[in-house]
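Colleague: can you look at this prediction? I've put the sequence above it.
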Amino acid sequence: MPRVVYDTDYSITLSTEGDYLRVGFIRDRMEITEFRVQYETTHDGRVHPVIRCDCAHGFPHCDILDYDGHNIEKIRLPEDQPLKHVFDRVVDELKAQWRTYRAAFMERQQ
Amino acid sequence: MTAQTATITLSDETATMIDANLELSRRFFAAAFDDPSLLDDLPADATVVLIPFDDPGLARANMVAAEREASLGKRVVLRIVGLPSTERSEWDTNKVEQIQFTTLRPRWPDHAESTHAAIHYFQDTDALVIRFYDDDRTGAPVPWRGPTYLLVDIQSQDVLGYLLPNFVGSIVGAAPQLGSWLQQAKLHEQTPERVRLLLHDVPEETDSEPTVAGVREGIGDLALAG
């Protein structure tokens, strides 16, 4: 499957220690039609994606990533909802679970 | 107190900052889903630091984060989130919501410190705006000491004055002497009678507006109190 190219690639700074929310959008004129949200953290001087959520493959989901960026688990999100609600759901998931995902990520790289 | 992870220990302060910035990101992007043109001025690959209008503590922490990112050689954009959208000439004209971090070099007014400052109070956001200049320039709110923001004209870098959010709700409680500023303010959606009811412990009323020097001294006291 071809890689999705997003129009934007914002890196929102979350902390003073190298945590980021990377946000990409595809826009069709005045509408956002796709998004990708990725929580990233810094370890050993490198920024690593920990979890990536998007609508690729035709359904909204989150991919939990290993230290090399490979997908190790897919979490499906509710379908048939407005994109804004899916985005909200993703932020809810991150707010509730980023500590857990980050800890597991660090554990896996040992 | 710390939040434990497998190999890296995050301070509770950092974890709380991440929580708050995730919520701030939601606020910002929720607005962008409704009106994608909000993203038009944001460089497509920007490192963005969100500055909340209504949370001075997080705003200051995020300014520290912006300095760190800039020191890594990144192009950092500060984006103000939550500016009031109601009609008001004091900050809606040429409203500034986005600043290139590296361009910020605030310059204090060089006119006499004895010049009187103009004070405005806005009930809907409980915000006190103090202006040093008699003009209609609009400043971007830049986190400053304690719970205060500087209003900075991004073109000239002039410090136009101060913005004090949560003025009655929080600031007057910490520094009751500043309540007298509210008595001298031009009131927006507020009446003098209600102001008197809002203030419980303020100094005697004075006739004249404070000077620029007096305002700066008061803000300094407030920063120490905070």
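Modeller: Received the coordinates, thanks. Numbering: from 1, shown residues only, chains lettered A, B, ... in the order given.

Colleague: in the strand or helix carrying residue B:141, what's buried?
Modeller: Assigned by DSSP states H and E, residue B:141 belongs to strand B:140-143. Along strand B:140-143, these residues count as buried under the neighbour rule (16 or more other Cβ atoms under 10 Å in any protein chain shown): B:140-143. Using the backbone N, CA and C atoms, a C-beta is placed for each residue, glycine as well.

Colleague: so what's the residue nearest to residue B:114 when sequence neighbours are not counted bridging to?
Modeller: Residue nearest to residue B:114 in three dimensions, not counting chain neighbours: residue B:211, with 5.1 Å by Cβ to Cβ, 6 or more residues apart in numbering or on different chains. Beta-bridge partners recorded for residue B:211 (DSSP bridges): residue B:116.

Colleague: what's the local residue count around residue B:211?
Modeller: Counted with other Cβ atoms under 10 Å in any protein chain shown, residues neighbouring residue B:211 total 16.

Colleague: most remote residue from chain A's center?
Modeller: In terms of distance from the mean C-alpha position of chain A, residue A:29 ranks first, at 23.7 Å (Cα atoms, centre = their mean).

Colleague: the residue nearest to residue B:114 touches residue B:109, doesn't it?
Modeller: No: contact criterion Cβ atoms under 8 Å: residue B:211 and residue B:109 do not qualify, at 11.5 Å.

Colleague: mutual contacts of these two, please.
Modeller: Each of residue B:115 lies in contact with both residue B:211 and residue B:109 under the rule Cβ atoms under 8 Å, 6 or more residues apart in numbering or on different chains.

Colleague: so where's the chain uncertain?
Modeller: I went with chain A, as the question did not name one. Scanning chain A with the threshold set as pLDDT under 70 gives A:1-3.

Colleague: please refer instead to chain B.
Modeller: Residues of chain B meeting the criterion pLDDT under 70: B:1-8, B:83-105, B:111-113, B:189-208, B:223-226.

Colleague: rerun that using 80 as the cut-off
Modeller: B:1-9, B:53-54, B:82-115, B:123-125, B:134-140, B:145-146, B:154-157, B:188-210, B:212, B:220-226 (pLDDT under 80).

Colleague: just checking, what packs against the top helix by length along it?
Modeller: Ranked by residue count under DSSP state H, the longest helix found in chain B is helix B:12-34. Helix B:12-34 is packed against strand A:10-13, strand A:20-28, helix A:83-109, strand B:2-3, strand B:47-52, helix B:56-71, strand B:76-81, with contacts defined by 3 or more Cβ pairs under 8 Å, 6 or more residues apart in numbering or on different chains; DSSP states H and E.

Colleague: for residue B:182, which of those is the nearest?
Modeller: Nearest to residue B:182 among these is helix B:56-71; the distance by Cβ to Cβ comes to 18.5 Å.

Colleague: show me which residues of chain A sit near chain B.
Modeller: Residues of chain A lying close to chain B (Cβ under 8 Å from any Cβ of the partner chain) are A:7-17, A:19, A:21, A:23, A:25, A:27, A:30-32, A:43, A:83-84, A:87-88, A:91, A:94-95, A:98-99, A:102-104, A:106-107, A:109-110.
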